[in-house]
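>>> this one's structure only:
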């Protein structure tokens with residue numbers, strides 16, 4: 001085999017070389033290491049099976065003529081232990097018959113001996129590409145099965161426009177992004193947008209929900225574990241970090257991450273290194289981290305619930321998602337997007353909202369943000385009896401009208417401050433106007449001033 005220059009591949013794998021010739025194992029290992037992979041060589045079927053039982057591998061190179069045994073007979077045994085193992089057979093006795101039989105028994109490719117480094121590179125390139133496509137397909141299937149409306153990443157609100165502009169700029173870099181905001185504001189949607197606009201977009205987007213599991217199970221989910229690492233660990237788990245290698249790891253509600261795991265996450269961020277639970281072997285993963293939280297991490301640091309060094313490492317590009325009550329210019333458009341989605345899903349022909357329903361949506365404070373809006377629209381579509389959603393189709397809290405005392409509370413000549421009178425007047429004009437621009441014309445101020453005043457009202 002000819003010498004070659006080291007060149008890293010885009011998808012590092014653990015590879016098992018099964019060949020009874022020591023020279024073949026050594027030279028193949030050199031080629032694979034130069035490509036950035038981690039090879040392990042064994043000289044028999046028994047040694048190969050033992051390796052697979054004790055450690056996970058992505059791919060095996062299998063010689064069809066082992067000393068005293070057949071590689072073709074060994075192949076199904078390898079796949080029985082690790083059904084996800086990719087097996088490439090190589091042999092000096094190449095024939096169409098043996099190639100067909102190897103494929104029939106589960107091999108993914110076939111290389112005749114003697115082979116060159118370029119042949120190995122081409123085979124691995126095809127396998128890595130296929131694995132990426134499988135990962136993308138699984139991700140798309142997961143998104144479709146979630147029955148979610150298409151994410152809308154446009155906005156008429158200056159504050160939200162700044163958020164989107166910042167995110168798209170940061171997405172093209174490897175910088176860690178921290179998305180802050182209330183529950184239901186769309187932090188996960190924004191994290192996915194970061195991935196879709198990043199150099200990692202062809203690889204996996206993997207989500208870890210930090211408060212969903214106990215400390216032990218969360219650590220295992222993140223970093224993986226070996227067999228027997230804890231009670232119930234009957235097999236091995238790679239972990240979400242390994243699955244996200246080359247892609248994006250989204251840590252949702254990072255403020256809930258237990259203190260015991262925080263140093264390990266800091267090490268992953270700084271050194272790209274980690275260990276699985278119950279194992280001392282150091283592993284590497286090139287992941288882009290995006291984190292999100294609804295917690296005040298500054299306060300958590302001061303109270304000793306969150307490591308200061310981890311906070312600074314996560315807070316490279318902070319992004320503050322505005323709540324829905326500060327996005328009134330987007331609210332009706334988002335609601336109509338939900339309406340179209342749920343109308344199609346329910347097989348109904350609901351075409352829009354009545355003026356009264358629109359005003360009720362704009363008046364409501366939306367403590368649950370986009371998530372609550374989605375639920376409200378879904379319910380309304382299900383109950384709707386007409387082509388337009390009316391006030392009666394919304395939950396009862398939207399139908400409650402102010403009492404006469406409340407209605408007369410603020411009016412010209414009432415014993416209230418000018419600020420209170422102005423706030424009430426602006427609110428009512430916005431409710432009646434078709435657009436924010438029209439409201440600004442009625443009030444005699446420019447739209448930018450109206451946006452600032454409305455933002456102050458929503459606090």
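Perfect, I can see it now. Predicted model only: the values in this text are computed from it and were never measured. Residues are numbered from 1 along each chain as shown.

>>> where does the stretch 51-200 of the chain have low pLDDT?
Along the stretch 51-200 of the chain, the model assigns pLDDT under 70 to residues 93-96, 135-148.

>>> mind jotting down where the helices sit in it?
71-81, 96-104, 117-145, 158-171, 187-196 (DSSP state H, counting those that start in this stretch).

>>> contact partners of the last one?
Which is helix 187-196. 151, 153, 163, 167-168, 170-171, 177, 179, 181, 201, 205, 207, 247-248, 250, 252, 288, 290, 292, 294, 319, 321 (Cβ atoms under 8 Å, 6 or more residues apart in numbering). For the C-beta atoms, the positions are set from N, CA and C on the backbone; glycine is no exception.

>>> can you give me the buried ones in the helix or strand following that helix?
As assigned by DSSP states H and E, the chain's next helix or strand after helix 187-196 is strand 205-209. Neighbour-count burial for strand 205-209, counted by 16 or more other Cβ atoms under 10 Å, picks out 205-208.

>>> next: stretch 279-293.
283, 285-293.

>>> mind putting the residues you listed into a markdown table with pLDDT and distance to residue 18?
Output for the buried residues of stretch 279-293, formatted as a markdown table (pLDDT from 0 to 100; distance: Cβ to Cβ, whole Å):
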| residue | pLDDT | distance to residue 18 |
| --- | --- | --- |
| 283 | 89 | 23 |
| 285 | 90 | 26 |
| 286 | 91 | 28 |
| 287 | 94 | 30 |
| 288 | 95 | 35 |
| 289 | 96 | 36 |
| 290 | 97 | 39 |
| 291 | 97 | 41 |
| 292 | 97 | 44 |
| 293 | 96 | 47 |
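
>>> which one among the buried residues of strand 205-209 gets closest to residue 51?
Taking Cβ to Cβ as the measure, residue 51 sits nearest to residue 206 out of the buried residues of strand 205-209, at 26.7 Å.

>>> domain parsing for the protein?
14-130, 158-322, 324-401, 403-459 (automatic domain parsing).

>>> what's around residue 67, how many residues?
Residues lying near residue 67 (other Cβ atoms under 10 Å) number 11.

>>> wait, isn't it in contact with residue 21?
No - contact criterion Cβ atoms under 8 Å: residue 67 and residue 21 do not qualify, at 9.1 Å.

>>> could you report the distance from the closest residue in space to residue 71 that isn't next to it in sequence to residue 74?
By the measure of Cβ to Cβ, 6 or more residues apart in numbering, the closest residue to residue 71 outside its immediate chain neighbours is residue 64, 3.9 Å from it. To residue 74, residue 64 is 9 Å away according to Cβ to Cβ, to the nearest Å.

>>> ok so, going back, in a markdown table, list the buried residues of strand 205-209 along with pLDDT and distance to residue 45.
Listed next are the buried residues of strand 205-209 as a markdown table, based on pLDDT from 0 to 100; distance: Cβ to Cβ, whole Å:
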| residue | pLDDT | distance to residue 45 |
| --- | --- | --- |
| 205 | 92 | 38 |
| 206 | 92 | 34 |
| 207 | 93 | 39 |
| 208 | 93 | 38 |
